[in-house]
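Chemist: test case, fold it:
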Amino acid sequence: MTRLLLIETSTSALSVALAEDGAIIASRSNNERNQAAMTAPYIQEVLGSLKVSDLDAICVSKGPGSYTGLRVGVSTAKGLCFGAGIPLISVGTLDTLVYQAIEGQCLPAGCRHIVPMIDARRMEVYTATFDVNANQTVPTAPVIVENNTFDHLLSEGPVLFIGDAADKCRPVIQHSDAHFLQTSPSATAMLTPALAALRDNRFEDLAYFEPFYLKEFIATISKKNLF
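Modeler: Numbering: from 1, shown residues only. Below is the predicted model:
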């Protein structure tokens, strides 16, 4: 029996899922930016009577995404793996969104490209391009979205833009073949790539693995008067 714990904390949403023999058997999620407070309780809830050592591996989102969210998810997963002596698997946030689109049958008719989008500041997104078989065709990068940014893809037919930045890009990318799905990445959609990594023994080094932030974290001075 194969058991995997899946942890997704890369955006404002938090989701945790437990898979057994290739199927999700328990999951918890919310969209309240409370990863630090609720990741551990959600893990306890989905595990139920199981122990962490009963798992074959833990899979965590590696980014890109929120600096704080990624730190919480990765540090939690690494700690549990180290304590239980089990391997760590990582799945990219954009890959997760692509599997949500494919497995959720969200692709428009004739779709050739999937563009997952993670919200960054203003009109910037963290994005890449995938084909409908989940193969990445354009490297992950931060992109400032303008009305012609994706014209080269849209000239080939329908494109699905999926992620928590889809709605903010909808008024900018005005094209008849542009389709939008506003959603956050879900731990349940990490299962397929996680199982492939487990099968191929593609594990992360617990000592050196770090999230894929894409851009350096920049600390700012709070404008609030604390005294």
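
Chemist: what residues sit buried inside the top helix by length along the chain?
Modeler: Across the chain, the helix with the greatest residue count (assigned by DSSP state H) is helix 67-84. Neighbour-count burial for helix 67-84 flags 67, 69, 70, 71, 72, 73, 74, 76, 77, 78, 80, 81 (criterion: 16 or more other C-beta atoms under 10 Å). Just so you know, the C-beta spots here come from the backbone N, C-alpha and C atoms, and that holds for glycine as well.

Chemist: which strands or helices does that helix pack on?
Modeler: Judged by 3 or more C-beta pairs under 8 Å, 6 or more residues apart in numbering; DSSP states H and E, helix 67-84 is in contact with strand 3-8, helix 35-47, strand 57-61, strand 88-91.

Chemist: between these, which one is nearest to residue 144?
Modeler: Residue 144 lies closest, by C-beta to C-beta, to one member of those: strand 57-61, at 23.9 Å.

Chemist: dump the C-alpha coordinates for the closest one into CSV.
Modeler: Below are the C-alpha coordinates for strand 57-61, written out as CSV (Å, rounded to 0.1, in the frame of the first residue of the first chain):
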residue,chain,number,x,y,z
ALA,A,57,6.9,10.0,1.1
ILE,A,58,5.7,13.6,1.6
CYS,A,59,5.2,15.9,-1.4
VAL,A,60,5.4,19.7,-1.0
SER,A,61,4.9,22.6,-3.4
